[in-house]
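Novice: Next come a sequence and a model predicted from it.
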Amino acid sequence: MEIPKPDKSVWEGPYLGGVTQSILIRFLQCPFKFYLHYYCGLKSPGEPQENLVFGDIMHVGLEHLITRRDYDFAKEMMYIHIIKQYKKQVPDHLFPLLCEMISLYDLTYLDTLTDIKTEQEINQPYYIESINTAIKIRGKKDVSASNMICDHKCKGYTEPLSTLNELKRDLQMNLYAAASGYVTEWYYDLIKIPDVNGFSFPPLKAAESNDAWMHRAFHQYSNIKWNYPIAQNKNHWVTQLGPIHQPYESCRNFMLTTFDPICRRLLRWWEHVTSPTFDPNNPECYNDIFYVQPIRMFDPAMTNSFKGDYYGLLTEEYDFDSLVPTTTLYPELNNE
């Protein structure tokens, strides 16, 4: 298969376009896939995952909830977002599920904070001392205040204790803290998405409305093993970690020992793929910074079945012509 080589990258690169945590994660996962996504502007075909849709809509609701402290208004804004963004093309149970879930969010941690902002964009120059070069850090802070940042994460599976232990080495939190003047007070929300199609979730009864179904799962259905009803076990489903103190020295050490080396490697990659002599169809252009990551590696610690981006392409289920244009290069800025 002929690998595409556009005349110009759709991403403006780390100097002008800037880097986000999602850009760095994609780059670390596979330099070749990164090339397809950020240089060629191509992605695997298919519909967005339901969990990503849930997270997008929940972020909209939390933005307005934290700003207005009004749960009904937040639910209304989620519904408007469903109409505008998804043309109502979401599962019928999703909006009632989101309404029940956002009602569990505790706002009391905001009482001691001042100058609270939501969805504040980051577009901040960052100087890499070791190579005397400046790039741009980009992103969007879910919640910020004086010397404080907070991030929301919606996932199908959460491990609050492990997350708490790992958070001080978290890429996004350190990135945002550094770009915000090394803020030291962090909050981190873990919102577990109920699997309505899973065996533990109560099945929909005959003639039962979606509103009644979700109300039953959150307030009536009892299953101690799987933490139902959800509202009575809300700390299992909505875990709000914080305040977590991250000293300046710890965040700065992360930037010097993790972020800066990754960026130096990314800068080398950028220079390589933008060189006039670069040809993705020439094996001699593959090296330590541009290569195809194996799609199958045995790791006894990883037992879940997971197919990453471009899986069908790399297994030759389809060719490059089947790829579709990327919708965004900066998902953080669009709540994706």
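Specialist: Okay, I see it.
Novice: quick one, helices of the stretch 201-336 of the chain?
Specialist: 210-219, 234-237, 248-254, 260-273, 311-314 (DSSP state H, counting those that start in this stretch).
Novice: quick one: which of these is nearest Ile131?
Specialist: The minimum distance between Ile131 and the helices of the stretch 201-336 of the chain falls on helix 260-273, with 6.0 Å, by C-beta to C-beta. From N, CA and C alone the C-beta is placed, and that goes for glycine too.
Novice: so what secondary structure elements neighbour the closest one?
Specialist: For helix 260-273, the helices and strands in contact under the criterion 3 or more C-beta pairs under 8 Å, 6 or more residues apart in numbering; DSSP states H and E are helix 13-16, helix 21-29, strand 117-128, strand 133-145.
Novice: any idea how far Leu204 is from His93?
Specialist: The gap separating His93 from Leu204 is 8 Å, by C-beta to C-beta, to the nearest Å.
Novice: Show me whatever sits in contact with both of these two.
Specialist: Contact criterion C-beta atoms under 8 Å, 6 or more residues apart in numbering; residues bridging His93 and Leu204 by contacting each: Asn210, Trp213.
Novice: Now do the contacts for Leu323.
Specialist: Under the criterion of C-beta under 8 Å, 6+ apart, the contact list for Leu323 reads Leu36, Cys40, Leu42, Lys43, Ser44, Pro45, Tyr310, Leu313.
Novice: Please name the nearest non-neighbouring residue to the third one.
Specialist: Pointing back at Leu42 there. Across the structure, with C-beta to C-beta, 6 or more residues apart in numbering as the measure, the residue nearest Leu42 apart from its sequence neighbours is Leu323 (3.9 Å).
Novice: Quick one, grab the pLDDT at the nearest residue to Tyr39 once chain neighbours are set aside.
Specialist: Distances taken as C-beta to C-beta, 6+ apart place Ser9 nearest to Tyr39, at 4.4 Å, with adjacent residues excluded. pLDDT recorded at Ser9 is 97.
Novice: Let me see the contact set for Ser9.
Specialist: When contacts are counted by C-beta under 8 Å, 6+ apart, Ser9 is found next to Tyr38, Tyr39, Val273, Thr274.
Novice: Including pLDDT, could those residues go into TSV?
Specialist: Conversion of the contacts of Ser9 to TSV gives the following (pLDDT from 0 to 100):
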residue	pLDDT
Tyr38	97
Tyr39	97
Val273	98
Thr274	97
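Novice: close enough to count as contact, Ile137 and Tyr127?
Specialist: No: with contact taken as C-beta atoms under 8 Å, Ile137 and Tyr127 are classed as non-touching, separated by 10.7 Å.
Novice: between those two, who's got more neighbours?
Specialist: In terms of neighbours (other C-beta atoms under 10 Å), Ile137 is the more surrounded of Ile137 and Tyr127; the figures are 22 against 10.
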